[in-house]
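Participant: Fold the following, please.
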Amino acid sequence: MDVVCVGESLVDFLPAESGRRVREVTQWKPAIGGSLANVSVGVARLGGRSAYVGVVGEDEFGHFLRERLAAEGVDVSHMRQTTEAKTGLVFISLDERGERSFTFFRTRSAEFLLSERDVDPSFLGRARVVHCGTNSLHLPEARAAVLRTVESVRSAGRILSCDPNLRLHAWQDPEVLRELLGRLLPRCTVVKLSEDEVEFATGRKDPEEALRHLAGQGVLLPVVTRGEAGAVLLWRDELVRVSAPRVRVVDTTGAGDGFTSAFLYGLSRRYPDASALAGASREDLEALATFACVVGAKVVEHLGAVAGLPSRAEVAGLMPGWLQAGTATS
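Facilitator: Next comes the predicted model:
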């Protein structure tokens, strides 16, 4: 297994047209949603072996997500369905620039019921990379499950990645989230933040200061994505900046997930564990981050978070040379 994603999965309802508020939209199209589910799809489309671990309802929308993820080639053997809650939904509206706003129907939804029963150390230990987020961690049981996941992955020596994908408005007390980040992020091998998340997550307004703060806490490879400006990472105390290609923006939903899926796919194919990643070269990581920006840019050219995630055939020629071979380093 290359990448296992642990966290939320939702059904995104995409509008038939942009420039309208949710109440003005007359047609909707359901799609896979939720950052962790999106990343699992992105990895699979690039040719990786991915799995999704999380909880959805034993309802039509839960069946929809299971079937759609499986059809994408994602391992759903550890995706649990429950009768205790319904699958979360989100309706997305877009302005003329492709910037999105969300209307959520996920109060007490199934994603929040992640628990330690969903943590399978033997399954996680077979993955080169385990990736998690924070959106589904509102309940103490879910937070405990992710922290147990973290310790399991660290003890196995695997690469542990986190993209908090912050939704502060969804937290009754954001300080609970801040405390969780304080426990979670320093334990990660890779942390990916967007530019507008760095202050809450690290207490530093400047992205470069945030990167150095994370590295000082023990994060091997901290990354900040900067939208159309590309991304910056810190490697061995050196800032590495990469640019993003210019594209026509339709919908910015899922751009960060596109970046993350490509970045983690590349890490998983090049580095079998965290110790191997520690020996990476600046040049390899710069090339991989550049490719990840290409994938993120592909996403925003389409409506929704997953429609624009490219197949391997679409972007093989844009991959770093070492990734084009398609075989993992043993």
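Participant: and residue 283, what element?
Facilitator: Using DSSP states H and E, residue 283 falls within helix 282-300.
Participant: Now the element after that helix, going C-ward?
Facilitator: Per DSSP H and E, the helix or strand that comes after helix 282-300 is helix 312-315.
Participant: for that next one, packing partners?
Facilitator: helix 282-300 (3 or more C-beta pairs under 8 Å, 6 or more residues apart in numbering; DSSP states H and E). C-beta here means a position set from N, CA and C on the backbone, and glycine is covered the same way.
Participant: I would like the residues contacting stretch 59-68, please.
Facilitator: 9, 11, 30-32, 37, 56, 76, 79, 81, 86-87, 89, 110 (C-beta atoms under 8 Å, 6 or more residues apart in numbering).
Participant: Next: stretch 206-215.
Facilitator: Counting by C-beta under 8 Å, 6+ apart, 185-186, 191, 193, 195, 198-199, 201-204, 222-224, 226, 232-234, 237, 239 sit against stretch 206-215.
Participant: Now that stretch: average pLDDT?
Facilitator: Stretch 206-215 comes out with an average pLDDT of 96.
Participant: so how far is it from its chain's centroid?
Facilitator: 20 Å (C-alpha atoms, centre = their mean, to the nearest Å).
Participant: which residue ranges form the helices in the protein?
Facilitator: Shown for the chain, the helices assigned by DSSP state H span residues 35-45, 60-71, 121-124, 140-155, 174-184, 198-202, 207-217, 255-270, 274-277, 282-300, 312-315, 321-324.
Participant: what angle do the helix holding residue 283 and helix 35-45 make?
Facilitator: Counting by axes from the mean of the first three to the mean of the last three C-alpha atoms, to 10 degrees, helix 282-300 lies at 110 degrees to helix 35-45.
Participant: May I see the buried residues of helix 282-300?
Facilitator: For helix 282-300, the neighbour count (16 or more other C-beta atoms under 10 Å) marks 284-300 as buried.
Participant: what does stretch 225-239 give?
Facilitator: Within stretch 225-239, the residues that count as buried by 16+ other C-beta under 10 Å are 225-228, 230-235.
Participant: before we move on, the earlier item: next step: the contacts of stretch 59-68 restricted to strands.
Facilitator: Using DSSP state E, the members of the contacts of stretch 59-68 that fall in strands are 11, 30-32, 56, 79, 81, 89.
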